[in-house]
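A predicted structure for the sequence below; I have some questions about it.
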Amino acid sequence: MATTVPAMPPSPDAIFQMLNAYQQTAVLRAAIDLDLFSAIGEGATSAEAIAVKVNAKTRGVRILCDALCIAGLLTKKGTEYGLSPDAATFLDRKSPACIAAIAGFLGRSELTKNFSVLTETVRNGMPPADTVAEVENPIWVSFARSMAPLTVPSANFIARLLGAQGGQPMKVLDIAAGHGNFGITIAKLNPQARVVAQDWAAVLTVVLENAQKANVEARMQVLPGSAFEVDFGEGYDAVLLTNFLHHFDTATNEALLKKIHAALKPVGKVVTLEFVPNEDRVSPPVPALFSVVMLASTATGDAYTYAELDGMFRNAGFGKTTAHPVPGMPQTVLLSEK
């Protein structure tokens, strides 16, 4: 006789987790601010030893570490704490893959306050103010200084997808370059690549700093101003359009894509990096939830599906667009051919 697995009874757990999620954010930010993960990575494993290392009280460190154990970022054996593989890779500042710096941008009050008025935003269909495209908004300097570590896997993936390792001469336009890591990675991999980085003037100072550190500044040109207004020039082999289209509506994006189309060589390509949800718009979780970020912070932005993005490129005159998920990351690269 077949057995029936009883259905789980209703539980308020998910509701409590969502209402208390801000506590988890505060726990992680406190640990990053204290550089607690690096302290443990250096060998301080008891609450007392960690407290000395991070200049804090033992009681506070013990409670914070226990909370991080519950979150899965620390391990605990007896009274000794250790780093989980994720924390060792991404939160210990001695790790080359450390992304702790992103807390400096993601935790900014300009971003978090948008969610305090989400009810009003849902009613109106847009936030009280959309500052994304505000001229020389200083928040994008913060973005440029904080977010580069998170882009390393996707930047390497894009550079190889474009065949930069082949060493052929390339002229690349990096739109809304931010930290410049996408173009810089191509230039590092290909000594024959020349990159034009476009962004607000203040942001481009960060690009030039990073290009100098990477020893590619001689092949880096800057183009200050709005992507919708500046003259791109022409003759580009590739245009990088990373984390940009989600800020705007379809019509605005298509106008920009037509401008990009005109700037490309006849066999040029556009590389787009986006959070791309499935057609059901509720999976996978990270790309699907990104639409809420756009609702809270932009007047018309969204997390677009592949079909929606493909339609934009086709309407702008492009041919085939193929999707390439970035290994180990929640984003997708779209490669569009002129």
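Right, received. Where do you want to start?

quick one: low-confidence ranges for the stretch 1-150 of the chain?
Applying pLDDT under 70 to the stretch 1-150 of the chain flags residues 1-3, 5, 130-136.

ranges for the strands of the stretch 151-300 of the chain?
Taking DSSP state E, counting those that start in this stretch as the test, the strands found in the stretch 151-300 of the chain are 170-175, 193-199, 220-224, 236-242, 264-274.

quick one: those strands as JSON lines, columns for mean pLDDT too.
Shown next, in JSON lines, are those (pLDDT from 0 to 100):
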{"stretch": "strand 170-175", "mean pLDDT": "98"}
{"stretch": "strand 193-199", "mean pLDDT": "97"}
{"stretch": "strand 220-224", "mean pLDDT": "96"}
{"stretch": "strand 236-242", "mean pLDDT": "98"}
{"stretch": "strand 264-274", "mean pLDDT": "97"}
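
closest to residue 88 out of these?
Nearest to residue 88 among the strands of the stretch 151-300 of the chain is strand 264-274; the distance by CB to CB comes to 26.4 Å. To be clear about C-beta, it is placed using only N, CA and C from the backbone, and glycine gets the same treatment.

list of residues touching the closest one?
Identification of contacts with strand 264-274 by CB atoms under 8 Å, 6 or more residues apart in numbering yields 154, 158, 161-162, 182, 234-243, 245-246, 257, 260, 303-304, 309, 313, 318, 326, 331-338.

from those, keep the buried residues only.
154, 158, 161-162, 182, 236-243, 245-246, 257, 260, 303-304, 309, 313, 318, 326, 331-336, 338 (16 or more other CB atoms under 10 Å).

so which of those residues sit within helices?
154, 158, 161, 182, 257, 260, 309, 313 (DSSP state H).

and the closest residue to the fifth one other than its chain neighbours, what does it touch?
Right, the one you point to is residue 257. Residue nearest to residue 257 in three dimensions, not counting chain neighbours: residue 316, with 3.5 Å by CB to CB, 6 or more residues apart in numbering. Residue 316 makes contact with 254, 257-258, 260-261, according to CB under 8 Å, 6+ apart.
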